[in-house]
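**Student:** Any chance you can model this:
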Amino acid sequence: MVYFTRGNPLHHSFRVFIGIALSLPVVIRLQNNPIQVSGEFAKAYEKFGFEPIFPTALNAGIFLTQSLIVLCIAFIIGLYPIWYVRSLDPVKAMKN
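**Tutor:** Numbering: from 1, shown residues only. Just a heads-up that it's a prediction; the model follows:
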């Protein structure tokens with residue numbers, strides 16, 4: 001069973017920033033030196049008119065758009081339990 005703990009939001013934000021700081025050099029390196037694909041992958045890429053590489057991009061717009069989409073999905077998913085709990089009768093729920 002997985003338990004979720006409620007911690008200090010500042011602590012969680014600090015972990016997010018540490019993750020960003022640790023991954024940033026890797027993303028910058030991959031942006032300057034993309035991964036070259038070889039073999040059958042390269043042939044398939046070239047067949048469809050693409051360069052045989054895995055490029056990365058360091059663009060804040062991509063990060064913000066993805067974050068906003070995830071936030072919206074999480075908000076919508078979080079509405080169902082609220083709607084369900086509001087429809088319960090508290091006394092009847094406590095007896096079961």
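
**Student:** Burial check on Pro34, number of neighbours?
**Tutor:** When neighbours are defined as other CB atoms under 10 Å, Pro34 has 14 of them. C-beta here means a position set from N, CA and C on the backbone, and glycine is covered the same way.

**Student:** Which phi and psi values does Gln36 adopt?
**Tutor:** With angles defined as degrees, to the nearest 10, Gln36 sits at phi -90, psi 130.

**Student:** The one 5 residues further on too?
**Tutor:** Dihedral angles phi and psi of Phe41 (degrees, to the nearest 10) take the values phi -60, psi -50.

**Student:** do the same with Pro34
**Tutor:** phi -60, psi 160.

**Student:** same deal with the one 4 residues further on?
**Tutor:** Dihedral pair for Ser38: phi -130, psi 170, per degrees, to the nearest 10.

**Student:** And the helices in this protein?
**Tutor:** 9-32, 40-47, 60-86, 90-95 (DSSP state H).

**Student:** Quick one: residues in contact with the second one.
**Tutor:** So that's helix 40-47. Contact partners of helix 40-47, identified using CB atoms under 8 Å, 6 or more residues apart in numbering, comprise Val37, Glu51, Pro52.
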